[in-house]
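A.B. asks: here are the coordinates; sequence isn't available:
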Ligand code: FES
Ligand code: FE
């Protein structure tokens, strides 16, 4: 693209500009940046691939992506979960051509090499005449992701062996995931396959928005108040609370009870849910969080995000939606949004359906919030690719909170992991996400204290 900056120069510039709480626009749509992200981030760390409820039975599989690479996530006959490269070892054709299903074998459509659902090569057509003897499966089976872990139902894989344990990588993010998903011993499940749609925006734009952009709610999403979906959207910055963890994982919550919805605990779940929840596995701070400032959105670096909000539906109690979503990088300035709605296993069909419908109403391809967001994100990618703006070396402003009278300093009384701030102002969480991005792009240790404490004014 015209005026595009060489990668090393650009990364140095990012580092310099971030000292001033500025970020070069170009990183959100640049060919070299994108290629380096695939190599230095997506091929180099833990990436979410599936929830175990998507492959409950032997033979179940789903086709997924790790960065640009298609992988097959299978449940084999022994109950194990495998994350296999979807490239045939003969010439590379995709051996699995469907999104999901149940099969003991994958047969390549090109010449028919056949692999068991644990990846083992088990057949080559016309073997005697073509090869004389069976090919060694130890050498010619599907490539496997070197690291796979199933953490409480969430399956992550890493294409690099040189990564910390998943639990260590997630750090405080795991503590947060527990208070979101571990409220009932039966757990949660996906309500269906992921809905997918293309957005002409960068995966980082979505990631930083869900890392905790509270500031956009009263403006971009004002229409949801106008149609009575939510009250008090103008006050959401005032009741915003942020959580920054190591390695770029971040969340924001809202202290709904304080101003907008008195008595509103546990995301506003109906009483019959709350009675069934068992919070005994949570620590004291986690219980405080779910009651007083439950996380609304969050991002597990690099590209798994979360949202749980209430969604009033006609006739009956409000639905409470839970979505985990993934920002799949497709090309510079282009992502595919994968949206899984989650429900509790204890819910009956009707109430699960209600939460699902409420969820799609807010965050689905035609969801009221989702449509607002994706249009705005596409503008970021356009600015980032603009020849004029590249010539101008356009920088984005992350300086919010510098001179503001609002106290957005880390909460000295916080007893949980990471850094907590009793404010929705400040853009610290977005910065935390981008700091991790920069560390990995510069090839620095992928783990470390990633919070912005002390690094941002
Ligand atoms: Fe798969 Fe030839 S490419 S069998
Ligand atoms: Fe939004």
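C.D. replies: That came in fine, so what should we check first? Bear in mind that the values here come from a model prediction, so they are computed numbers and not experimental data. Numbers count the residues shown, from 1 in each chain. Ligands and ions are numbered 1, 2, ... in the order given.

A.B. asks: which strand is the longest one in this structure?
C.D. replies: Taking DSSP state E as the assignment, the strand of the chain that covers the most residues is strand 319-331.

A.B. asks: where does the protein come near ligand 1, residue by residue?
C.D. replies: Proximity of the chain to ligand 1 is confined to 88, 90-91, 93, 108, 110-113 under the rule Cβ under 6 Å from any ligand atom. Just so you know, the C-beta spots here come from the backbone N, C-alpha and C atoms, and that holds for glycine as well.

A.B. asks: Just the buried subset of the residues you listed, please.
C.D. replies: For the residues of the chain next to ligand 1, a burial check counting by 16 or more other Cβ atoms under 10 Å picks out 88, 90, 108, 113.

A.B. asks: Redo those residues as JSON lines? Include pLDDT and secondary structure.
C.D. replies: Conversion of those to JSON lines gives the following (pLDDT from 0 to 100; DSSP: H, G, I helix; E, B strand; the rest coil):
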{"residue": "88", "pLDDT": "98", "secondary structure": "coil"}
{"residue": "90", "pLDDT": "98", "secondary structure": "coil"}
{"residue": "108", "pLDDT": "98", "secondary structure": "coil"}
{"residue": "113", "pLDDT": "98", "secondary structure": "coil"}
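
A.B. asks: For whichever strand or helix holds residue 37, give the mean pLDDT please.
C.D. replies: Applying DSSP states H and E as the criterion places residue 37 in helix 31-37. Per-residue pLDDT values over helix 31-37 give a mean of 97.

A.B. asks: Off-centre distance for the next helix or strand after that helix?
C.D. replies: Proceeding N to C from helix 31-37, the next assigned helix or strand is strand 46-51, under DSSP H and E. When distances are taken as Cα atoms, centre = their mean, to the nearest Å, strand 46-51 is centred 9 Å away from the chain's centroid.

A.B. asks: again, but for stretch 282-291
C.D. replies: From the chain centre to the centre of stretch 282-291 is a distance of 23 Å (Cα atoms, centre = their mean).

A.B. asks: Could I get the average pLDDT for it?
C.D. replies: Stretch 282-291 comes out at a mean pLDDT of 97.

A.B. asks: residue in the stretch 251-400 of the chain nearest to ligand 1?
C.D. replies: Among the residues of the stretch 251-400 of the chain, residue 330 lies closest to ligand 1, at 24.1 Å counting by Cβ to the nearest ligand atom.

A.B. asks: What is the burial count for that residue?
C.D. replies: Using other Cβ atoms under 10 Å, residue 330 is surrounded by 16 other residues.

A.B. asks: Leaving out sequence neighbours, find the closest residue to it.
C.D. replies: residue 336 (5.3 Å; Cβ to Cβ, 6 or more residues apart in numbering).

A.B. asks: Not counting residues beside it along the chain, what's closest to the residue in the stretch 351-457 of the chain positioned nearest to ligand 1?
C.D. replies: Among residues of the stretch 351-457 of the chain, the one nearest ligand 1 by Cβ to the nearest ligand atom turns out to be residue 440. It sits 33.1 Å away. The spatial neighbour of residue 440 that comes closest, neighbours along the chain excluded (Cβ to Cβ, 6+ apart), is residue 41 at 4.9 Å.

A.B. asks: ok, back up a step: so which pair among the buried ones among the residues of the chain next to ligand 1 is furthest apart in space?
C.D. replies: Across these, the longest distance by Cβ to Cβ is 6.7 Å; it joins 90 and 108.

A.B. asks: Quick check: longest helix in the protein by residues?
C.D. replies: With DSSP state H setting the assignment, residue counts place helix 368-385 as the longest helix in the chain.

A.B. asks: How far off centre is that one?
C.D. replies: For helix 368-385, the distance between its averaged C-alpha position and the chain's averaged C-alpha position is 17 Å (Cα atoms, centre = their mean).

A.B. asks: And it, what does it pack against?
C.D. replies: Judged by 3 or more Cβ pairs under 8 Å, 6 or more residues apart in numbering; DSSP states H and E, the packing partners of helix 368-385 are strand 195-199, helix 203-212, helix 217-220, helix 222-226, strand 334-344, helix 349-362.

A.B. asks: ranking the ones you listed by burial, who's on top?
C.D. replies: Taking mean count of other Cβ atoms under 10 Å as the contact definition, the stretch among these with the greatest mean neighbour count is helix 203-212, which reaches a mean of 27.

A.B. asks: now residue 430, what's its secondary structure?
C.D. replies: Secondary structure, DSSP: H, G, I helix; E, B strand; the rest coil: residue 430 is helix.

A.B. asks: Report the contact partners of the residue lying closest to it once chain neighbours are set aside.
C.D. replies: If you skip the residues right next to it in sequence, residue 430 has residue 208 as its closest partner in space, 4.2 Å away by Cβ to Cβ, 6+ apart. Residue 208 makes contacts with 299, 430, 433-434, as judged by Cβ atoms under 8 Å, 6 or more residues apart in numbering.

A.B. asks: For those, pick the one with the most neighbours.
C.D. replies: Using other Cβ under 10 Å as the contact criterion, the top neighbour count among the contacts of residue 208 goes to residue 299, which has 29 neighbours.

A.B. asks: and it, what are its phi and psi?
C.D. replies: As for residue 299, its main-chain torsions (degrees, to the nearest 10) stand at phi -130, psi 130.

A.B. asks: Just the pLDDT for it.
C.D. replies: Value listed for residue 299 in the pLDDT field: 98.

A.B. asks: Repeat that for the one 10 residues further on.
C.D. replies: Listed pLDDT for residue 309 reads 93.

A.B. asks: What strand or helix carries the residue lying farthest from the centre of the chain?
C.D. replies: Among the residues of the chain, the one whose C-alpha is farthest from the average of all C-alpha positions is residue 129, by Cα atoms, centre = their mean at 48.7 Å. Under DSSP H and E, the secondary-structure element containing residue 129 is helix 127-130.

A.B. asks: Relative to ligand 1, how far out is the residue nearest to residue 430?
C.D. replies: Taken as Cβ to the nearest ligand atom, to the nearest Å, the spacing of residue 208 relative to ligand 1 amounts to 40 Å.

A.B. asks: going forward can the numbers begin at 14, since that is how I track them
C.D. replies: Sure, I'll start numbering at 14, so the last one becomes residue 221.

A.B. asks: pLDDT score for that residue?
C.D. replies: The predicted structure scores residue 221 at 98 on the pLDDT scale.

A.B. asks: likewise residue 466?
C.D. replies: You'll see residue 466 listed with a pLDDT of 54.

A.B. asks: go on, residue 423?
C.D. replies: According to the per-residue confidence, residue 423 scores 96 in pLDDT.

A.B. asks: Of all residues in this structure, which one is nearest the centre?
C.D. replies: Centre of the chain computed as the mean C-alpha position; nearest residue by Cα atoms, centre = their mean is residue 317, 1.0 Å away.
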